[in-house]
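**Q** 3D model of this:
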Amino acid sequence: MSTNKDLPPFDSKSKPIGGGRWGVVLLAHGSQRGADRSECSCFWQSSDSEPPTWCPGCPSTPDGLKDAAQRLQVSLGGDQAEVILSCLEFIEPHPDQAVQIIREQGLKRVVIAPFLLGNGKHATLELDEVLEALQSQEPSLELHLAHGLGAEFGLADLVAHRIKSLPAANPIKSDEASPTGIIMVKAGTKTEYDDCLWLEELGQMVESELGPGFAVAVAQSHYGDPTMENAAEHLINERGASRLIAMPYLFFPGMILKRNVLGEMDRLQEAYPDIPMGITPPLGMDDRVVKVAEMRVREVWKRIGLSEQ
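**A** Just a heads-up that it's a prediction; the model follows:
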């Protein structure tokens with residue numbers, strides 16, 4: 001699978017020509033979690049019955065993914081594509097069911113668009129296997145695999161917005177000599193599948209977007225390096241951070257946020273009792289996320305030469 005650098009520049013006007021509409025499978029990991037407030041960031045900062053005013057009201061995973069699919073359908077246009085949400089686990093239709101639905105609708109060409117934040121196991125080895133299995137199941141369909149979301153300035157802008165939206169009770173203000181340290185933490189994948197290069201690139205974008213007085217380090221929630229502990233040590237000891245803010249680089253609340261991210265924040269607060277700490281909400285659903293997913297679909301159309309300006 002090629003890297004994003006191998007693709008032509010994105011053109012929001014590009015659209016498929018010839019052969020009619022495309023099927024687009026918006027393929028997510030899937031989860032039934034996230035409806036319980038104890039699985040969200042705001043619970044770590046306030047266990048009151050009502051969420052704090054700064055909480056954006058993150059959707060559960062099922063609701064958030066449905067919203068994403070609906071927004072992507074609007075962005076691509078019904079005359080160009082039929083978008084079907086599919087999940088690898090927990091939420092049907094699964095990929096094999098999704099492409100069957102598309103075939104039964106009479107569509108012949110399909111983009112499998114991973115709604116995954118980075119280039120971990122699901123966005124590389126496993127999705128290649130998924131594509132191979134789908135092509136074997138549906139030999140009459142023309143299947144194309146898009147890239148995961150990866151590092152994009154729109155996503156960096158959203159992360160910076162989440163950080164700067166924390167309330168005055170946790171002011172995100174500091175100078176370059178003692179910056180606010182930001183730990184961007186993604187869902188963990190084993191190092192053999194993901195070396196975090198894309199996340200490091202995104203972290204640099206976020207630090208640039210935030211401006212002076214901020215220092216960003218990246219981490220994984222579990223499995224592999226770098227850990228949140230590694231990131232905290234780097235920010236405090238090497239970059240002189242005077243406070244730490246964790247940014248869960250996850251779509252929605254759930255067990256990874258509760259068990260791994262919030263659990264590690266408890267341990268970091270014990271290890272550094274004199275360092276003020278806070279945590280932002282996860283990404284949630286936002287047009288900036290959907291815009292990148294749209295870009296990935298249109299990149300496929302442009303890459304295979306079936307687009308017009």
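
**Q** In stretch 233-244, which residues are buried?
**A** For stretch 233-244, a neighbour-count test (16 or more other C-beta atoms under 10 Å) marks 233-236, 241-244 as buried. From N, CA and C alone the C-beta is placed, and that goes for glycine too.

**Q** Would you mark the buried spots in the helix or strand containing residue 64?
**A** Here residue 64, judged by DSSP states H and E, is contained in helix 61-76. Going by neighbour count (16+ other C-beta under 10 Å), the buried part of helix 61-76 is 61-62, 64-65, 67-69, 71-73, 75-76.

**Q** lowest-pLDDT helix or strand in this protein?
**A** The least trusted helix or strand in the chain, going by mean pLDDT, DSSP states H and E, turns out to be strand 307-308, with a mean of 51.

**Q** Give the closest residue to residue 98 in space, chain neighbours not counted.
**A** Leaving aside its sequence neighbours, residue 98 sits nearest to residue 86 (C-beta to C-beta, 6 or more residues apart in numbering; 3.8 Å).

**Q** where exactly do the strands run in the protein?
**A** Remark: strands assigned in the chain by DSSP state E are 15-16, 22-28, 81-87, 109-114, 142-145, 180-186, 214-220, 243-249, 277-279, 307-308.

**Q** I'd like those strands written out as a markdown table, with distance to residue 294 added.
**A** Shown next, in a markdown table, are the strands of the chain (distance: least, C-beta to C-beta, whole Å):
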| stretch | distance to residue 294 |
| --- | --- |
| strand 15-16 | 11 |
| strand 22-28 | 10 |
| strand 81-87 | 10 |
| strand 109-114 | 9 |
| strand 142-145 | 15 |
| strand 180-186 | 22 |
| strand 214-220 | 25 |
| strand 243-249 | 20 |
| strand 277-279 | 29 |
| strand 307-308 | 13 |
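
**Q** Nearest to residue 288, out of these?
**A** strand 243-249 (13.6 Å; C-beta to C-beta).

**Q** report the angle between the axes of that closest one and strand 180-186?
**A** For strand 243-249 against strand 180-186, the angle by axes from the mean of the first three to the mean of the last three C-alpha atoms, to 10 degrees is 20 degrees.

**Q** which ones are touching residue 93?
**A** By C-beta atoms under 8 Å, 6 or more residues apart in numbering, residue 93 lies in contact with 84-86, 101.

**Q** Retrieve the pLDDT associated with it.
**A** Note on residue 93: pLDDT of 96.

**Q** Pop out the phi and psi values for it.
**A** The phi/psi pair for residue 93 (degrees, to the nearest 10) reads phi -80, psi 150.

**Q** now it: how far from residue 304?
**A** Note on residue 93: its distance to residue 304, by C-beta to C-beta, to the nearest Å, is 25 Å.

**Q** next one: residue 155
**A** With distances taken as C-beta to C-beta, residue 155 is found 25 Å from residue 304.

**Q** go on, residue 94?
**A** Counting by C-beta to C-beta, the gap from residue 94 to residue 304 is 25 Å.

**Q** Neighbour count: the two, which is higher?
**A** Higher neighbour count among residue 94 and residue 304: residue 94, with 16 against 13, using other C-beta atoms under 10 Å.

**Q** Do I have it right that the more buried one meets residue 87?
**A** Yes: between residue 94 and residue 87 there is a contact at 6.7 Å, judged by C-beta atoms under 8 Å.

**Q** for this structure, which spans come out with low pLDDT?
**A** Confidence mapping of the chain against pLDDT under 70 gives the ranges 1-19, 34-35, 45-54, 119-123, 167-176, 190-195, 306-309.

**Q** run the last query once more with 80
**A** For the chain, the stretches with pLDDT under 80 are 1-20, 33-57, 119-125, 166-177, 189-196, 224, 305-309.

**Q** How many neighbouring residues does residue 274 have?
**A** For residue 274, using other C-beta under 10 Å, the count is 5.

**Q** what's the closest non-adjacent residue to the spatially most central residue of the chain?
**A** Centrality entry for the chain: nearest residue to the mean C-alpha point is residue 117, 3.1 Å, by C-alpha atoms, centre = their mean. The spatial neighbour of residue 117 that comes closest, neighbours along the chain excluded (C-beta to C-beta, 6+ apart), is residue 149 at 5.4 Å.

**Q** now residue 96
**A** Nearest residue to residue 96, sequence neighbours excluded (C-beta to C-beta, 6+ apart): residue 137, at 5.8 Å.

**Q** List just the nearest of the buried residues of helix 61-76 to residue 180.
**A** residue 64 (27.8 Å).

**Q** picking that back up, can you select the buried ones from the contacts of residue 93 in ChimeraX?
**A** Burial among the contacts of residue 93 is assessed by 16+ other C-beta under 10 Å; the matching ChimeraX selection reads:
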select :84,85,86
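
**Q** Could you dump the contacts of residue 93 into TSV with distance to residue 142 added?
**A** What follows is the contacts of residue 93, written out as TSV (distance: C-beta to C-beta, whole Å):
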residue	distance to residue 142
84	16
85	21
86	17
101	16
